[in-house]
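Chemist: turn this into a structure:
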Amino acid sequence: MADSKILATIERTDTEQLQISVSEYKGKSYLNMRIFYTTDGGSTWLPTKKGVTFSPEQLDLLEEAIQDARKEFMAEAE
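Modeler: Predicted structure coming up:
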């Protein structure tokens, strides 16, 4: 993949994080969520095969799923 712009990083463990980024591949833009790992205390983060890529057309469906999850979590908290 070409240049990517990291939108968010979610720490999972001291050696693992989820990176959410936007990148371009073959002239098309994508949203990527991928697990990265480090073996040098966080100086270098390397991608794993664990991840998922969304096309712009899929973002509305992803956003709806996240909103539904929020509603579920709020209902559980009551």
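Chemist: where do the helices sit along this structure?
Modeler: Under the criterion DSSP state H, the chain contains helices at 59-77.
Chemist: any regions of it where pLDDT drops low?
Modeler: 1-2 (pLDDT under 70).
Chemist: need the contact list for the residue nearest the centre of it.
Modeler: Nearest to the geometric centre of the chain sits residue 33, at 2.4 Å (Cα atoms, centre = their mean). Residue 33 makes contacts with 18, 19, 20, 51, 52, 53, 54, as judged by Cβ atoms under 8 Å, 6 or more residues apart in numbering. To be clear about C-beta, it is placed using only N, CA and C from the backbone, and glycine gets the same treatment.
Chemist: just the buried residues of the residues you listed.
Modeler: Neighbour-count burial (16 or more other Cβ atoms under 10 Å) applied to those gives residue 19.
Chemist: now render the contacts of residue 33 as CSV, adding distance to residue 26.
Modeler: Listed next are the contacts of residue 33 as CSV, based on distance: Cβ to Cβ, whole Å:
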residue, distance to residue 26
18, 24
19, 21
20, 21
51, 18
52, 18
53, 12
54, 16
